[in-house]
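A.B. asks: This is the structure alone, sequence omitted:
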């Protein structure tokens with residue numbers, strides 16, 4: 001498995017680089033995206049050319065451990081949910097690849113929706129006010145699919161394993177950093193939220 005780590009900030013880059021030198025891993029590369037669009041622009045802009053060469057792609061990102069929540073455990077539990085259901089172990093990853101290989105109509109696997117603190121309600125809200133933005137994105141990508149505001153999208157957290165072919169329209173779109181909102185990014189109804197829901 002090739003590993004691409006997108007990060008920013010000299011401290012992060014130096015710490016990760018030091019650890020990689022200690023591990024002597026040749027299949028890991030650090031990519032530094034611009035500071036716009038967070039993890040989604042890291043994937044769709046900074047890593048775009050890398051995505052073309054793979055049959056399967058796993059994508060996971062960190063979560064702030066306390067992003068204004070009253071309890072430190074809220075962000076931590078979401079973080080653990082994403083990572084435990086994506087990169088739990090070597091055997092876990094082998095099972096994911098095996099499942100994707102054996103099921104011809106399965107294109108995407110994602111962690112379950114979190115039901116912790118305020119995420120409990122988000123899991124039931126589905127589109128969270130982002131349906132129209134997601135519909136616009138589906139048209140931009142030329143997707144031929146039915147979308148219904150009464151049916152919730154499948155992913156919350158933009159963490160997944162997929163057959164690259166299944167997400168090819170998203171990956172191969174000519175994304176630019178300027179497609180994404182500058183910081184501070186609004187909490188909903190942005191192109192980033194639409195990408196997550198598509």
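C.D. replies: Perfect, I can see it now. Predicted model, so just to flag it, every value in this text is computed and none were measured.

A.B. asks: and the residue lying closest to residue 142 once chain neighbours are set aside, what element?
C.D. replies: Closest residue to residue 142 apart from its sequence neighbours, by CB to CB, 6 or more residues apart in numbering: residue 169 at 6.4 Å. Bear in mind the C-beta positions are built from the backbone N, C-alpha and C, glycine included. Assigned by DSSP states H and E, residue 169 belongs to helix 168-171.

A.B. asks: any idea how far residue 139 is from residue 169?
C.D. replies: Here the criterion is CB to CB, to the nearest Å. By it, residue 169 lies 11 Å from residue 139.

A.B. asks: Following element in sequence after the helix or strand where residue 134 lies, please.
C.D. replies: Applying DSSP H and E as the criterion places residue 134 in helix 131-140. Of the helices and strands lying after helix 131-140 in sequence (DSSP H and E), the nearest is strand 160-163.

A.B. asks: Please name every helix or strand in contact with that following strand.
C.D. replies: Applying 3 or more CB pairs under 8 Å, 6 or more residues apart in numbering; DSSP states H and E, one finds that strand 160-163 contacts strand 56-59, helix 90-102, strand 108-109.

A.B. asks: Now distance to residue 41 too, for those, in CSV please.
C.D. replies: Shown next, in CSV, are the helices and strands packed on strand 160-163 (distance: least, CB to CB, whole Å):
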stretch, distance to residue 41
strand 56-59, 13
helix 90-102, 25
strand 108-109, 20
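
A.B. asks: Just tell me which of those ends up closest to residue 48.
C.D. replies: In terms of CB to CB, the element of these nearest to residue 48 is strand 56-59, at 11.9 Å.

A.B. asks: For the closest one, which helices and strands make contact with it?
C.D. replies: helix 90-102, strand 160-163.

A.B. asks: Most tightly packed of those?
C.D. replies: Burial of these is given as mean neighbour count (mean count of other CB atoms under 10 Å); strand 160-163 ranks first at a mean of 21.

A.B. asks: Ok, which of the helices and strands packed on strand 160-163 comes nearest residue 11?
C.D. replies: strand 56-59 (23.5 Å).

A.B. asks: ok, and what's touching that closest one?
C.D. replies: For strand 56-59, the external contacting residues (CB atoms under 8 Å, 6 or more residues apart in numbering) are 1, 43, 51, 86-87, 93, 96-97, 100, 158-164, 167.

A.B. asks: following it, which helix or strand comes up?
C.D. replies: Once the chain leaves strand 56-59, the next helix or strand it forms, by DSSP H and E, is helix 72-84.

A.B. asks: by contact count, what packs against that following helix?
C.D. replies: Where contact means 3+ CB pairs under 8 Å, 6+ apart, helix 72-84 is not packed against any helix or strand.

A.B. asks: Just the angle for that helix relative to helix 90-102, thanks.
C.D. replies: Interaxial angle, helix 72-84 versus helix 90-102 (axes from the mean of the first three to the mean of the last three CA atoms, to 10 degrees): 60 degrees.
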